[in-house]
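Visitor: I'll drop the sequence and a predicted model, then ask my questions.
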Amino acid sequence: MILSFLVVVGEDQASELASVPIGRAELARNTAADAATGIATAQVVEHALRHVAWLAQDDEAVRAALSPAWLAVLANYVPEPFRHLGR
């Protein structure tokens, strides 16, 4: 099991840390009973951003904590149901 965390920081925070641009990525998937055979860092970030986007829509405290710029970016991320259910 891999646990990951996404931390939202302001432009004036953690400026001494290296950064990389974030792009969209397909979620890591396999069959309903099998884990993905490989998971790239970009897929972990994609999953985290989708989760935060869902929280921003569903949780007033999360929505209030995020800047309008973050909310605008997260509007493009939507949760996807597990594609293999019912197959």
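Guide: The structure has been received and is ready for your questions.

Visitor: which intervals of this protein have sub-threshold pLDDT?
Guide: 1-2, 80-87 (pLDDT under 70).

Visitor: Can you give the contact residues for stretch 9-28?
Guide: For stretch 9-28, contacts defined as Cβ atoms under 8 Å, 6 or more residues apart in numbering pick out 36, 38-40, 42-43, 45-47, 49-50, 67, 80. (Glycine included, C-beta is placed from N, CA and C.)

Visitor: 10 Å instead?
Guide: 7, 35-47, 49-50, 67, 69-70, 73, 76-77, 80, 83 (Cβ atoms under 10 Å, 6 or more residues apart in numbering).

Visitor: Show me which positions of it end up buried.
Guide: Neighbour-count burial for stretch 9-28, counted by 16 or more other Cβ atoms under 10 Å, picks out residue 28.

Visitor: next one: stretch 39-53
Guide: 43-47, 49-50, 52-53.

Visitor: ditto for stretch 64-74
Guide: 66, 70, 74.

Visitor: ok, the closest residue to the first one other than its chain neighbours - contacts?
Guide: In space, residue 66 comes closest to residue 56 once its chain neighbours are excluded; the distance is 5.8 Å by Cβ to Cβ, 6 or more residues apart in numbering. Contact criterion Cβ under 10 Å, 6+ apart gives 62-66, 70-71, 74-75, 77 as the residues in contact with residue 56.

Visitor: could you pull out the helices for the protein?
Guide: 41-58, 60-65, 68-74 (DSSP state H).

Visitor: what would these look like in a markdown table with distance to residue 22?
Guide: Putting these into a markdown table (distance: least, Cβ to Cβ, whole Å) gives the following:
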| stretch | distance to residue 22 |
| --- | --- |
| helix 41-58 | 6 |
| helix 60-65 | 19 |
| helix 68-74 | 9 |
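
Visitor: Please name whichever of these is nearest to residue 3.
Guide: Nearest to residue 3 among the helices of the chain is helix 41-58; the distance by Cβ to Cβ comes to 10.4 Å.

Visitor: Pull the distance from the closest one to the chain's centre.
Guide: Relative to its chain's centre, helix 41-58 lies at 2 Å (Cα atoms, centre = their mean, to the nearest Å).

Visitor: What of stretch 7-21?
Guide: 16 Å.
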